[in-house]
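Undergrad: what's the 3D shape of this:
(chains A and B)
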Amino acid sequence: AQSVTQLGSHVSVSEGALVLLRCNYSSSVPPYLFWYVQYPNQGLQLLLKYTSAATLVKGINGFEAEFKKSETSFHLTKPSAHMRDAAEYFCAVSDPGGYQKVTFGTGTKLQVIP
Amino acid sequence: NAGVTQTPKFRVLKTGQSMTLLCAQDMNHEYMYWYRQDPGMGLRLIHYSVGEGTTAKGEVPDGYNVSRLKKQNFLLGLESAAPSQTSVYFCASRLLGRDNYGYTFGSGTRLTVV
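TA: Got it, this is the predicted structure:
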């Protein structure tokens, strides 16, 4: 069975500081991995995805994530936080093939302090 | 605008009442999903569908039924609502393909059962 663990339900950073949101996965086969962002009272929006191509994946809004098989990690980073980045972020995993059901982590709320 | 539309956006039900949540997508996506989102638990899959006329159970299907009579619509029904079904419900859809393109989400339905 596949699963993801997001370390830290709440993360606070100062505006302009590095953003690092942690995600570790468990999967029996090489997975597909995703980061989604949810702004208040909205649905989830895809930030970026890893589907076995380049291990460093660039997404929207200046975010990127690196797939590290040896560490079973897919951490999300952004060099400089902006106030508009305040949202909840979800890491997700799916196994290639089959119906590719996606399993979501429990989410990390990012607070950006002015 | 193309996308996933959920109706209603808000609803308050009394225990024992029934209701149907509608999800409509105009992107010709084959796969559709219903998730519920609860604080600290991320998104949990209720039911999903891989095509018109087909449905399958997800992680937390009890108390819910679904139907997909048309490719563009996926209905979620609660026959006898319970307070434990108070949640935010998200519908998502995805295009069939070799690589996982990620989900497109609706904006959610906030349901309160009193």
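Undergrad: contacts, neighbours, all on C-alpha from now
TA: Will do.
Undergrad: pLDDT-wise, which helix or strand of chain A ranks last?
TA: strand A:103-104 (a mean of 90; mean pLDDT, DSSP states H and E).
Undergrad: Tell me which strands that strand pairs with, and in which orientation.
TA: Strand A:103-104 sits in its sheet next to strand A:87-94 (antiparallel), going by DSSP bridges.
Undergrad: what's in contact with the partner strand?
TA: For strand A:87-94, contacts defined as Cα atoms under 8 Å, 6 or more residues apart in numbering or on different chains pick out A:2-4, A:6, A:23, A:25, A:31-40, A:100-111, B:42.
Undergrad: residues in contact with residue 83?
TA: All of this is about chain A. A:Met83 makes contact with A:15, A:112-114 under the criterion Cα under 8 Å, 6+ apart.
Undergrad: if you could check chain B rather than the one you did, that'd help
TA: B:Pro83 touches B:15, B:112-114, counting by Cα under 8 Å, 6+ apart.
Undergrad: Now restrict the residues you listed to buried residues only.
TA: B:112-113 (16 or more other Cα atoms under 10 Å in any protein chain shown).
Undergrad: Which of the contacts of B:Pro83 fall within helices?
TA: Secondary structure from DSSP state H places none of the contacts of B:Pro83 in helices.
Undergrad: Nearest to chain A among the contacts of B:Pro83?
TA: Nearest to chain A among those: B:Thr112, at 15.1 Å, using Cα to the nearest Cα.
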